[in-house]
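Participant: sharing a sequence plus its predicted fold:
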Amino acid sequence: MKWNMVENSIELYPAKPFSFSECLLFLNRSNLENLHRVIDGVLYKLLNIGEKNVLIKITESPSSLVIDFPMGECPSDTGEKVIQFVEEWLGLNQDMAGFYTMAAHDPLLSPLIDKYTGLRIIGIPDLFEALVWAVIGQQINLTFAYTLKKRLVELCGERVEVEGLQHWTFPSYEKVANLTVEDFRNMQFTGRKAETILHIARMMHRGELLKESLLLENDVQAIHHQLTSIKGVGPWTAEYVMMKSLQLPNAFPVSDVGLHNAIKDRMNLPKKPTVNEIKEMAEVWEGWKAYATFYLWRSLYDETAL
DNA sequence: ATCCAGGAACTGT
DNA sequence: ACAGTTCATGGA
């Protein structure tokens, strides 16, 4: 992707179609979210890069996205990492052309790509954060999931105040690895989720689980197997992480309840479809199942009928 | 109060 | 292989 550094700001030029307002809508869906902030069309996020916390501020200009650094100058040698993060976070490096061509011929997806043109899959570039968020989200409603995440972040994430606004980073696996099951129980995590998250944190702390290593696997089945071999990580969590953190366009959390509800609503079905029925209708999505899923999720929080 | 939630592991057949 | 049970709690 093209980019340009001008004085103390970076301009990015995502390939079209790209919708910044769709990014903001997704990122602003919960008022319990504290890992970024959306204020009047401006997106803030605190990044931890090379032991330093860097606040980025993203705005849209007519022809580009602009990243500014409200804490001062962009520290030298972090510019590249900031760009890479934002690309993965907002999906700027995603090539949508094949998906749109496929979706245009699918009666379920075609209204969605028309209405949400430019929507990208919003990612969670940090593998640890993606895994923890997925484990938290297992079998509980989203509001409670956000509450639990907020408690964990405020317990051991890092906080910075800039211009009167608080900003948080997600806790590092080093810090989480030093927590106990009781710490999690006090935050109303279940014992199982506490064990799973602690296990993941300790694995990553020991260097036994690395995003770069997963991405070097030669096929997605190997990645899926490596993730599901972690106790507490099942098929849904593995696919979710492959979609949101590893950016695999064909990742498919087929058992996802939200996906089931979206398909039911979109097709006016009397009840939710079975997993096998969904697998059948997803055959034509081959190669793009992650995008199909994300566009269907998007339809769930649409206030206006399609 | 009742059902369900962006599941997973375990148990029994 | 497949179905039922348990975990645990909050939200609507």
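Facilitator: The structure has been received and is ready for your questions.
Participant: quick check, pLDDT for A:L306.
Facilitator: pLDDT, A:L306: 54.
Participant: can you give me the neighbour number for A:E80?
Facilitator: 11 (other C-beta atoms under 10 Å). In this view, the C-beta of every residue, glycine as well, is placed from N, C-alpha and C.
Participant: can you tell me how far the residue of chain A positioned farthest from its centre sits from A:P107?
Facilitator: Distance from the centre of chain A peaks at A:P270, with 30.8 Å (C-alpha atoms, centre = their mean). Remark: distance between A:P270 and A:P107 (C-beta to C-beta, to the nearest Å) = 18 Å.
Participant: which single residue of chain A ends up nearest DNA strand C?
Facilitator: A:G191 (3.2 Å; C-beta to the nearest atom of the strand).
Participant: give me the number of neighbouring residues for the closest residue to that residue other than its chain neighbours.
Facilitator: Spatially, and ignoring its direct neighbours in sequence, A:G191 is nearest to A:V181 (6.3 Å; C-beta to C-beta, 6 or more residues apart in numbering). Neighbour count of A:V181, defined by other C-beta under 10 Å: 15.
Participant: all the strands of the stretch 101-250 of chain A, residue numbers only.
Facilitator: A:159-162, A:165-168 (DSSP state E, counting those that start in this stretch).
Participant: just name the most buried of those.
Facilitator: For the strands of the stretch 101-250 of chain A, the largest average neighbour count (mean count of other C-beta atoms under 10 Å) is found in strand A:165-168, namely a mean of 17.
Participant: report all helices and strands that that one contacts.
Facilitator: strand A:37-39, strand A:42-49, strand A:159-162 (3 or more C-beta pairs under 8 Å, 6 or more residues apart in numbering; DSSP states H and E).
Participant: need those in JSON lines with distance to A:N8, can you?
Facilitator: As requested, those are exported to JSON lines (distance: least, C-beta to C-beta, whole Å):
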{"stretch": "strand A:37-39", "distance to A:N8": "20"}
{"stretch": "strand A:42-49", "distance to A:N8": "16"}
{"stretch": "strand A:159-162", "distance to A:N8": "15"}
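Participant: between these, which gets nearest to A:F85?
Facilitator: strand A:42-49 (6.0 Å; C-beta to C-beta).
Participant: leaving aside the residues next to it on the chain, what's closest to A:L165?
Facilitator: A:L165's closest residue in space is A:R37 (C-beta to C-beta, 6+ apart), at 6.6 Å.
Participant: ok, the one you found - how many residues close by?
Facilitator: With other C-beta under 10 Å as criterion, A:R37 counts 19.
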